[in-house]
Every structure is written in C-alpha cells, then in structure tokens.
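# got a structure for you, letters missing:
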C-alpha cells in the first residue's frame, strides 16, 4: 500500500528526494545526544530549493505530520532526533554557497553548507567566518543557526547569532518570509532573525542565510600554562580578560581532564597539576607580544610552567591537550557533556561544586571549558552497563545544571535544549517566560507541527 | 471630578509620582521627531521601582488605557509621542546604577540611567560601555534599548543589542519576566532579550538591564581626508574596512554637508571638495600606526588632503566638522533626518540617487553618515513655512527610503519606526513578515495597550 504523504512528496520533489527505506530512515533517527529518545520516522525528504521546502511543509501540514529538520545531526541535545511518525526534512542537499561578497563582507548560503566548506571558501578571498563549533568539519550552517552554535573563538568574536544578518525561512504554513537585512545595521521591526537563530527548528525552516564575514586574521600563536590549583588558573583567566587583550581562544582544563589526557597519551603533565590554561592571539604581527603578555599574567598568578609558542607548529602542539579531550575521555566510559555557562566571577564556585557533585554521586566529572566566556563542559563519565552508575550519572548531570542556575548562569551555553534539557527549561525561564515562549511558538506554528516537544515540552 | 485612574495610581505610587497638570503633560507630549503627530495624554506616572511599574500597567490595563513609555524623549521617530488619552510612563526616576562588576564586566542598571552617566561611571573602573548615540548626554539606557540605538563607534563595537545580556520586563498584564542571563553565553530558549531590544515600548516595559562592558580603550586618534568625488571617498572607506583594521569611527560627509559646515564656520574646506572621511583608532599604542595606515589608504584612493592627528587635541579638532553638522544645517531650514542603511557596495548608488532625489523635489539633501556600516543620514532641509516645500520635502524623505530598499537596505538603521516610518514597515517586511510581527505583538500584549500604533499601525 502506498503512503499518500510519500506519494505526494514524490510527485512534488521527484523519486530520489523522498526516502522511505527503513534502513535509511533508521540511520537518520539520531543526532549525537547520547541519552535522548528517538522515534521512528515515516519518511525522509531531501529538498533542494526553498520552493521544495515549502512544498514539503504544505504536504506535512495537510497530513498533520510533524516535521523534524536535520542538518548533519551533530547536535548534542536531541533536537534533531526523529519523532514517531514524523517527516524528516534534511537540508543536506541544499549545500550551495550562493555568493561571497568581498566588498560587503557577507556570504549568502543555503542551510546545508558545511561550516568548514564555508570557512575555507571565504578564506580563499581573505575573509573569515568565525563561528567554530567543535563539529565544524561536519556540521552545517543550518544546524549552527538552529542551535546558535558557539565554539572556541567566541571569546573574541561571538557566537553564530552575531554573524547572521538575515535568513529566509519557510513557516509551517509553507509561507516564505525573509528577516533581517544584508546591511550591517537595521532596526525596522522586531528582531525576527535573532528569534529564529537558536530556535532549534521549532519556528520555521531556514532555507537561506546571509552571514557577516570579517577580514581573515593571521595564524594564531598559543600560550599554555599549568597551575597548582583551580583558583590560580581561574584568577589568571580573569586577569587576561580584564587586561584589555582580546585572546582569540581561552580554554581551561581541570585536574580530572588533565589526568585523563595524560593517561591517554604522555604529554608530560604531572598528576598534581591543578589546572591548565590555553590562550591564543591571532593579531598577526602583534600575536607574539600578546602571547608574551598572557604568559606574564599567568606567571604573576602562580603558574607552575608557562610555554609560549613562537610559530604555528608549536602553537598546534600546545593545543594538542585540548584537542585530545574527547578521545581521552572516551575509553573511560559513557560521557554526558554538559555546557553550563556562568558569570566568570562564579567559576571557582562552579568548579568546586562540580567536584562535590562528582563525590556525592560517585561519578567522574571532567571539566574542560571555554573559560573566557564562563562556558564550561562538565562531562559526566560512567559505565552505561551499570544501571546504578547510569542513574547516578544522570542525577549528577542534573545537579550540575542546578548548580549553574544557582550561580546565576544558564543550563546551556551553546548546545541547546532539544529534548535533553526540555524538562529544565521552566526552571531557568520561570512560568511567565515559558508561557511567552509557548505563545511565540503558537504565533509561528499554530498547529505545533515543527519539531514538537523539542525545546518546549508538550503543552 | 477626580479621575479614577489618577486616584488609583496616586494610592499606589504616592501623590508626587502621578502628574495630571496640563502644562506638565503638554511638555511630555513629544520626542524629537519633527513631523510625528502627538496626542494629549491623560496622566503621567513616574514610578521608581519594578513593582510600581507593574502597578501602573495593571491600573492602565483595568481602565483599558494605552501606555506610552518615555525615557528622555530624544527619539527621532515619534515612538515616545503621546497618544490621546494615554498614560505616559516615565522611567526618569528609575535612574540608579545597581551594580558595576569589574570581574564579570557587566553593569546592572535601571532604565532611566542616562547613557553618559553610565559611561562615566564604568570608565572610573576602567571599563567601557560602547553604544554612543549622538544623544548620549541626554538619552537613557531604557530609551537606547527601546530603539536599539546605534552611534559612531558601532562600526567597531556594534549597537545596543550587542551589549544587552539580560532584561527585566513588565508585561502589559503586570507580570514580571526576566530574559537572558548575566553569563556571556546562553541558548536556553528563544532570544527574548533581542526581541525586546528595539521593540519601541510595544512589547513590555524594561525595568532593569544587565549590560556587557569591555575594558576601556585608550583615547582615540583621528585621521581626516578630503576627496574630489563621492566615489573616491566611498572607495577609500571600503578599502579601510577591507584592510583588517578595525577603526573605532568611520564617518563620511558629502559635498552639500561640507558646504553647509564651511558656511557656518570657516574650516578651510574648499567648495569643490566632493567628500570627506573621518576615521579613528582607539588601539592605544597602536593608534598612531593605524591612523597612518588609514591615511595611506586615503592617499592611494586619490585624497586631496590627508591629516593625521598626533594627539587627542588634534583628534578633537579634526572631528570638529562632524560635530558641527547639526548646528550647520539648522539655520538652513527645517530638517528631516533619514537613516537608511545599505550594503556598503551600494553606497555610491545611494549617494548618487539621493542627489537626483534632491534635484527632482527641489530640496537640499545633505548626507553625512556612518559609512563603515553603510548607515547614512540623508537630511532633507526645507522651509517649513512654505507648504509646497514641506510637501516636496516629505516626498523626498519617502523617496530616499524607497531608494534604500531598492538597494537592498533598510528604511531605518538606528532611529526606529515609531510613527514616522510605520507606514513604510510593510514595504520592508512584506505581508508575511508583518503578520508575524502582529502575532508576536498579540502574544505579548493581547489588548494592544502598549504604545499602540507605534511600529505597527492599527490592525
């Protein structure tokens, strides 16, 4: 028996663009969130144009079928996971860079363009697209927009939303709307662009984006410093941020993370090192001077050892520890990565509290993070084959979010809500804030067909 | 006969906080928009706390009275103008700086704090609040947030919304909601903070704001260059922006503006100068080098004369022409200031088109502007006592917006819609975009009591 929705989609998009093969559908059920439920989709549509996306949404609407939009499915919160009976809308084939303008310093792209492909293409014109989530080699601009992705260089350049000038969006109704503008400034009406960015596919489907670019910086130089304690490392980071320097990267590794890295590969990190800072400057001819100032600040704050790279290769080596974090943690068990973000003044309290939570729930919590932004990645590690350990791990994960909120922070600095944290959203927003969210969702998507249950739980 | 609304407000806020004296009310009818209608208000409430603002909104709601929130009434689009029978809610007495945190680089303020007061207070702690609208000595942070105010240093630092981390807002219902976060990064839910910023008092009343600060830069140095043509000046500006330099100011003056300035005060500007660029760098020890590079770029683009300041006093003198613009234009007639913003690649077309519009409608149009952002201030000058001239002036004003849109820009880069441009909003947003705006307005303010008719015309 033919599925009428599949038939309608095939007549609109062509055979090849509409997939109902169960194996293919199964391979598209999940994003990278470890613990988020995923349903069984009904069909996968792979449109290539805005018009086709509008056709897909109209078809889904007339069948009352929920739509889950997917990019590269590298998200960490389950926002791109399938819902039972849903239509998966993949933007993977909408992967054209439509324009790179040197004069206006903008790129116009389709949502399926991979971040790294865009970054490389603009670099050829001496331009720079800063947002650099760890997934940048795989993740798409559409996914980066949906989650308002961050990354390592946010500390200097900001996050995805800071670079989205305009979007073209298809609404649940199939109507097409353009928000924002190619010009650098504009205040005509409400900021719908920022409302769409980070809305995790619940308000519309982004089919085109105009992104701000900058002149390309030169290759960055790195400084690395080890400290006896958390306090020294955090104090040094605060001093770097207060100095007026604008590091293009400022990362922190705590003792459990450093031990895991050292166990994974001998980096000559003594077991009693309490924390490590890594910093970069990309100011070209000034980078060496910046790195020397950062090194001096670290030394003033009691650093055990300070290293300054004098070239790109040394810089790469100094960053190696940061790059090894995920590989080093993987052999230790299942990981559940949190991304609480707190005011910088609360970082010591956060790190001390996380150690207490680890002790209380008897799980390992490693805490690397983007310290310049106060955005940390407490990573709960446990043995998934041990149900008791898994339960304790999940409780610890929640306790970390609770702590982040208590310290004036947020439950998610850059990964998003998805389903993973949807139960926590009201705690952060309060009932009035949540109700406003629901009314905005209804304003955009009155039948609740776009990624229902993500961000906002059933209502 | 006592007005029941006034009586209720007095019992909630005290006698002195509630004004119904017709002279005082009359003095509060207008912002700085020249041509926007203003009604006769019923009462002026001057609350001092969030709780009192909530009382005011509940009282207005139960009487079905529209509420117009006012800061310093320095806006240029009529957004703060009274509506007949309205309640004016002045935030002027909510003028406390609640906190300046050096460690977190944030300030927490009430909405009635004057921009300059905040700027000076944070500077004492070696911090910097960048947004600098021309009105900064008078305008309030609440007003800056309501209009998403820009300014001269946007070209390097961004606009108001780039510095608003969190707001406390009282909704039309009297409910209080907090959006955003003190932390640098956060993606929990929709970006309600950005939705509030620039909403011109139509979605809620901001009662507190958490603002991001930066380390204070050093005093800026200035370069100034004159050119034979518009094209040379614009090409030099484009080259400065492409150079990787980050000027902290990049301003343009066209020939009609330069002539008006020279007529007003002898600055030694020959009448055949076609355009002028002013640029600053605030990079401390590097500023002199930056200014020299900017000067060299101007020379390469055919500058007639280039001047580089070597100290703060010389910098001030070079900027004098820019500072005199408003004083120089005032004696020439009534001015109607536009603020179209276009992609930089369209600036020559914009300036050429504006000259044609001036010729067609037989009005003088001077065009200074924030050229680095493509945000220009075409200023239509005419004799208001001549009805035919006034009509031609208003038509020219509209034609400039139409031109800006045709060039891929926006009708307003930083002044907002208010009533002045409300009739133009649909042209920019399109019917679907406008309908989304209406639904969002309804989600926040179902009875349309907050600044009705501003931004969105009656619906």
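Okay, I see it. Please read all numbers here as calculations on a predicted model, not as lab measurements.
# Nearest to the spatial middle of chain A, which residue is it?
With distances taken as CA atoms, centre = their mean, residue A:149 lies nearest the centre of chain A, 3.7 Å away.
# and it, how far is that from residue B:421?
Between residue A:149 and residue B:421 the distance is 34 Å, computed by CB to CB, to the nearest Å. C-betas here are computed from N, CA, C, even on glycine.
# Residues touching the least confident helix or strand in chain A by mean pLDDT, excluding its own?
Lowest on mean pLDDT, DSSP states H and E among the helices and strands of chain A sits helix A:312-323, with a mean of 91. By CB atoms under 8 Å, 6 or more residues apart in numbering or on different chains, the residues outside helix A:312-323 that reach it are A:219-224, A:251, A:253, A:258, A:261, A:267, A:269, A:276, A:278, A:280, A:307, A:309, A:368.
# change it to 10 Å
When contacts are defined by CB atoms under 10 Å, 6 or more residues apart in numbering or on different chains, helix A:312-323 is touched by residues A:134, A:152, A:218-226, A:249, A:251-253, A:257-258, A:261-262, A:265, A:267, A:269, A:276, A:278-281, A:287, A:291, A:307-309, A:328, A:368.
# now, which of the residues you listed lie within helices?
If you go by DSSP state H, the contacts of helix A:312-323 have A:257-258, A:261-262, A:287, A:291, A:328 in helices.
# and which of those is nearest to chain B?
residue A:287 (13.1 Å; CB to the nearest CB).
# so how many other residues sit close to that closest one?
The number of residues packed around residue A:287, counting by other CB atoms under 10 Å in any protein chain shown, is 21.
# Repeat that for residue A:74.
21.
# measure it to chain B for me?
With distances taken as CB to the nearest CB, to the nearest Å, residue A:74 is found 15 Å from chain B.
# swap in residue A:18?
Plainly put, residue A:18 is 27 Å away from chain B if you go by CB to the nearest CB.
# Could you give the backbone dihedrals for that residue?
Main-chain torsions, residue A:18, degrees, to the nearest 10: phi -130, psi 120.
# Give me the pLDDT for it.
Looking at residue A:18, its pLDDT reads 98.
# residues touching it, list them.
Residue A:18 neighbours (CB under 10 Å, 6+ apart): A:3, A:5-12, A:43-47, A:56, A:59, A:87.
# switch to 7 Å and redo it
Residue A:18 sits next to A:6, A:9-10, A:43, A:45 when contact means CB atoms under 7 Å, 6 or more residues apart in numbering or on different chains.
# now do residue A:156
A:246-248.
# same thing with residue A:150?
Contacts of residue A:150 (CB under 7 Å, 6+ apart): A:133, A:159, A:375, A:413-414, B:185.
# Over to residue A:456?
A:202, A:422, A:437-438, A:441.
# Let me have those residues in a markdown table, adding pLDDT, neighbour count and distance to residue A:209 as columns.
Below are the contacts of residue A:456 laid out as a markdown table (pLDDT from 0 to 100; neighbours: other CB atoms under 10 Å in any protein chain shown; distance: CB to CB, whole Å):
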| residue | pLDDT | neighbour count | distance to residue A:209 |
| --- | --- | --- | --- |
| A:202 | 98 | 26 | 17 |
| A:422 | 96 | 20 | 25 |
| A:437 | 98 | 22 | 23 |
| A:438 | 98 | 13 | 26 |
| A:441 | 98 | 22 | 21 |
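# from those, which is closest to residue A:346?
The closest of the contacts of residue A:456 to residue A:346 turns out to be residue A:422 (CB to CB; 24.7 Å).
# Tell me, how many residues neighbour the residue nearest to residue A:154 when sequence neighbours are not counted?
Leaving aside its sequence neighbours, residue A:154 sits nearest to residue A:373 (CB to CB, 6 or more residues apart in numbering or on different chains; 5.7 Å). If you count neighbours by other CB under 10 Å, residue A:373 ends up with 23.
# now swap in residue A:322 and tell me
Residues lying near residue A:322 (other CB under 10 Å) number 19.
# re earlier: same for chain B: which of the contacts of residue A:456 are within range?
Filtering those for proximity to chain B by CB under 7 Å from any CB of the partner chain leaves residue A:437.
# out of the contacts of residue A:456, which are inside strands?
Within the contacts of residue A:456, no residue falls in strands by DSSP state E.
# The contacts of residue A:456 in helices, which ones?
Per DSSP H, the contacts of residue A:456 map to helices at A:437-438, A:441.
# Distance check, residue A:79 against chain B.
Applying CB to the nearest CB, the value for residue A:79 to chain B is 11 Å.
# Let me see the contact set for that residue.
By CB under 7 Å, 6+ apart, residue A:79 lies in contact with A:31, A:146-147, A:200-201, A:416, A:418, A:451, A:454.
# ranking these by neighbours, who comes first?
Highest neighbour count within the contacts of residue A:79: residue A:147, with 33 neighbours (other CB under 10 Å).
# Tell me if I'm right that residue A:66 and residue A:447 touch.
No: counting by CB atoms under 7 Å, residue A:66 stays clear of residue A:447, with 9.4 Å between them.
# who's more crowded, those two?
Between residue A:66 and residue A:447, counted using other CB under 10 Å, the more crowded position is residue A:66 (22 against 13).
# The spatially closest residue to the more buried one that is not a sequence neighbour: neighbour count?
With CB to CB, 6+ apart as the criterion, residue A:66 has its nearest non-adjacent residue at 4.6 Å, and that residue is residue A:86. Neighbourhood size, residue A:86 [other CB under 10 Å]: 23.
# re the thing from before, and of the contacts of residue A:456, the nearest to residue A:166?
Distances from residue A:166 to the contacts of residue A:456, taken by CB to CB, are shortest for residue A:202, at 19.8 Å.
# The stretch 1-150 of chain A against chain B: which residues are in contact?
So the stretch 1-150 of chain A meets chain B at A:101-104, A:147-148, A:150 (CB under 7 Å from any CB).
# now for those, which pair is the farthest apart?
Every pair of the residues of the stretch 1-150 of chain A next to chain B checked by CB to CB; the farthest is A:103 and A:147, at 30.3 Å.
# Is it correct that residue A:39 is in contact with residue A:88?
No: using CB under 7 Å, residue A:39 is not in contact with residue A:88; the gap is 10.3 Å.
# So which of the contacts of residue A:18 belong to helices?
A:6, A:9-10.
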